[in-house]
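Novice: Quick one, what's the 3D model for this:
(chains A, B, C and D)
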There are 2 protein chains.
Amino acid sequence: MLSILPPQNTSPERAKSLNRRLVLGRVHATGEMGRAELSRACGLTIQAVSNIIAELVEEGLIRETGRRSTGRGLPATLYAINPKGAYALGVEVRPNALLAAVLDLTGRPVLTTRHALTDARPEAVSRELQALRLEMEQAQPEAVSRLLGAGVVMPGPFGTTGLSGTAADLPGWHELDARALFAEALGMPIDLDNDANAAAMAERVKGAAQGLDDYAYLYFGTGIGLGLVSQGRRVAGAFGNAGEIGHLRMQTKDGTAALEDVASRLSLQRRLAAHGRDAPDFDTLAALNAQDDAVLDEWISIAAPALAQAVHMIENLFDPETVILGGALPEGIVDRLIARMALPENSVSNRPGRAHPRLTRGECGRLTATLGAAALILNRAFSPQFAALD
Amino acid sequence: MLSILPPQNTSPERAKSLNRRLVLGRVHATGEMGRAELSRACGLTIQAVSNIIAELVEEGLIRETGRRSTGRGLPATLYAINPKGAYALGVEVRPNALLAAVLDLTGRPVLTTRHALTDARPEAVSRELQALRLEMEQAQPEAVSRLLGAGVVMPGPFGTTGLSGTAADLPGWHELDARALFAEALGMPIDLDNDANAAAMAERVKGAAQGLDDYAYLYFGTGIGLGLVSQGRRVAGAFGNAGEIGHLRMQTKDGTAALEDVASRLSLQRRLAAHGRDAPDFDTLAALNAQDDAVLDEWISIAAPALAQAVHMIENLFDPETVILGGALPEGIVDRLIARMALPENSVSNRPGRAHPRLTRGECGRLTATLGAAALILNRAFSPQFAALD
DNA sequence: GTTATAAGTCAATTCACTTGAGTAATCAAC
DNA sequence: GTTGATTACTCAAGTGAATTGACTTATAAC
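Specialist: I've put the predicted structure just below:
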């Protein structure tokens, strides 16, 4: 198992692990940087940065990309993330399928795959993971040999809560079991989270949230979830179940309704079914949108105001740089939702001279959660706060 | 966006600063600890802990408090926070008064004072701060000589937002100016925050949130605010204005209303005024409560359901260990509000075997925000993440 | 009394960062 | 075209804080 840095106990070595992630994270966030620039950005001496860079180049995590002359003085040697330096595996468990993706260090997928599940109980998933492993080793032996770890996305909430027993729950799963099961089946470090938090990380590693440290992600899965990032850290809550926005009640024309009953893919599906239409897949939805389908339009006219209320809530409670919308809905539909959301003016986010719009469409598409699972691992490599953990 | 990121790097001295805070924080959270126990808790060797303890004793921040024998083996020498080792100043600026408190290192107030303000503009406040400084030096020379810094609480939101122009705003203040003004007037490091966040810190340093890392504080000031703490850090948002819950609309018997219009001290005041009663001070409110006043009771019957909705929101979005209620309302009223709040069952916080109740009354009383201002400073001393900052 | 266990000290070593002196490459001014 | 200012970077020595390993002390159990 490749590791960004072998775990060490000595304190200077912990410091080094932290500083390595700091340097790697700055290079990732900025794209290309020279030693002196990094030195200023990280608050380290050029010498320290030089030593770290030499190591990172040696290990293949970054590579020289040229020189830059910015006026007088010696032009800086530039370094950037080496995509082939390391990889991360993302696994998304859904009731009927196991989705997987392998991302390179820049967040680009080098392999994506889907295994149908007739049985979502732990033993069956474990068997399917073996098949997945073999398939990956066949298709991308180089990437598999340089995997940093695996992120796993499962529908929350974890543990017993007042929200348990909903449709999205998987049978026979518990959080601790899940972590151990994946660690054993895949033989690498595991990061477990829900779809919305993973989606938020996907956009941060490569997408709409690159460079952002405070933002929220409204994720359309089967239901709807909220991923929160504050100061570059995900806000997980005391028991890992933060972001359960789907059960909160919003106002509608005729009373109130839970957000996920009016603004989720499942709610759209039900509305279509009420008009005698089949459950649509992703492409069918995109087609419906292209055709200006009347039922879809009606759904949007109901969903958008409810979502606007949710965003108002998120803005006033979190004061994020932006709220990203995305997930298992075609881009066109998300765009139309955003266009139809009339955001209230009495919000802390309604400020002049904003650098980012209040609403942004996610850029990771239908595989957002799967990519996000892998992004959980990549994010660790770029974030100093994880230095002591692995 | 301009962001002043804390340098998160580590060199030997910074590592030491971090480890000192780690040790001090553990001693504070646990009460009394021996070297070996600390060594295990902090992940350092006994030797490293020994050196740090020697320094902290030398500086007077901790003191030996006895020995403890837990079975076989040499009994551990125990250490605890030395109250007189250091102090923190808290200042709360209200439109009509300047409140101040000096806390010892354990969070106990050694001085509290109130200066009436006829003018809340910066120059007037600055003049009053000089008087405050003199008064403190007279009354508590020892504490003033050992001040770590000053926390300042002012009504938010800071900067221009869609919520600006509300009654609680102070005339002529801007965030950066404020920081500089207080730093100059008091001649010490300044920590600036809003009342709800400060209140949350007050309860963490000494009160209902001791030992908690994930919780929320619903603060009754003039309006109502929300302080959020996640993994021991306050959630401030991208522009420092997180927690503006007062403008969110809740459902009432007859439609919807902003939370602060039905569940704030101002709303209670208005209801009393509508019945021809004068604006009550804190003690009057306590008396009304003791008399089972009918208007107060009516207000509670309206405020409680709105607050319950707010708590439902907070629980599902944050998954906190508990939600604390407190601030400028007498304990008895807070207790009655809590008793009358019917919390919904479909919440992630509705889990079996909770270690803390879903709702908790704050323990810091009417001075919560002022004490919290000082707690902002104490919290820095106990939190490793601030090692790089000062 | 002997032994196991736990807390704690002392001295030597290690690790990564900093400091300070020096080199190299570019631009700008005369 | 030479000189000097500016910026990027290297090399070697020094420093600070933590770790390691051997040893001491105090208590409980047998």
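Novice: and stretch A:344-356, anywhere near chain B?
Specialist: Yes - judged by C-beta under 8 Å from any C-beta of the partner chain, stretch A:344-356 and chain B are in contact via A:344-352, A:355. C-beta: built from backbone N, CA, C; applies to glycine.
Novice: Ends of that stretch, what's the gap?
Specialist: Terminal residues of stretch A:344-356 lie 17 Å apart, using C-alpha to C-alpha, to the nearest Å.
Novice: Kindly report the same for stretch A:88-104.
Specialist: 7 Å.
Novice: got the buried residues for it?
Specialist: Neighbour-count burial for stretch A:88-104, counted by 16 or more other C-beta atoms under 10 Å in any protein chain shown, picks out A:88-94, A:98-104.
Novice: Repeat that for stretch A:273-282.
Specialist: Under 16+ other C-beta under 10 Å, the buried positions of stretch A:273-282 are A:Pro280.
Novice: next one: stretch A:329-336
Specialist: Residues of stretch A:329-336 classed as buried: A:329-330, A:333-334, A:336 (neighbour count, 16+ other C-beta under 10 Å).
Novice: just curious, which of the residues of stretch A:344-356 next to chain B is nearest to B:Ser383?
Specialist: Of all these, A:Val348 has the smallest distance to B:Ser383: 25.6 Å, by C-beta to C-beta.
Novice: Contacts only, for the closest one.
Specialist: Each residue near A:Val348 by C-beta atoms under 8 Å, 6 or more residues apart in numbering or on different chains is listed here: A:315-316, A:319, B:157, B:161-163, B:237, B:239, B:241, B:244.
Novice: which of those sit farthest apart?
Specialist: Using C-beta to C-beta, the contacts of A:Val348 span at most 13.9 Å, a distance reached by B:Gly162 and B:Gly237.
Novice: Those two: who's more crowded?
Specialist: Shown here are B:Gly162 and B:Gly237; by other C-beta atoms under 10 Å in any protein chain shown, B:Gly237 has more neighbours (24 against 20).
Novice: re earlier: which of the buried residues of stretch A:329-336 lies closest to A:Leu78?
Specialist: Closest to A:Leu78 out of the buried residues of stretch A:329-336 is A:Val334 (35.8 Å), distances taken as C-beta to C-beta.
Novice: What backbone torsions are found at the closest one?
Specialist: Dihedral angles of A:Val334 (phi, psi; degrees, to the nearest 10) stand at phi -60, psi -40.
Novice: That one against A:Thr360, yeah?
Specialist: No - counting by C-beta atoms under 8 Å, A:Thr360 is not a contact partner of A:Val334; they are 9.8 Å apart.
Novice: list the residues that contact both of the two?
Specialist: Common neighbours of A:Val334 and A:Thr360, using C-beta under 8 Å, 6+ apart, are A:Leu325.
Novice: tell me the contacts of the residue in the stretch 201-350 of chain A that DNA strand D sits nearest to?
Specialist: Scanning the stretch 201-350 of chain A for the residue nearest DNA strand D gives A:Gly211, at 21.1 Å (criterion: C-beta to the nearest atom of the strand). Counting by C-beta under 8 Å, 6+ apart, A:Gly211 makes contact with A:Ala29.
Novice: Not counting residues beside it along the chain, what's closest to A:Arg108?
Specialist: A:Pro83 (6.4 Å; C-beta to C-beta, 6 or more residues apart in numbering or on different chains).
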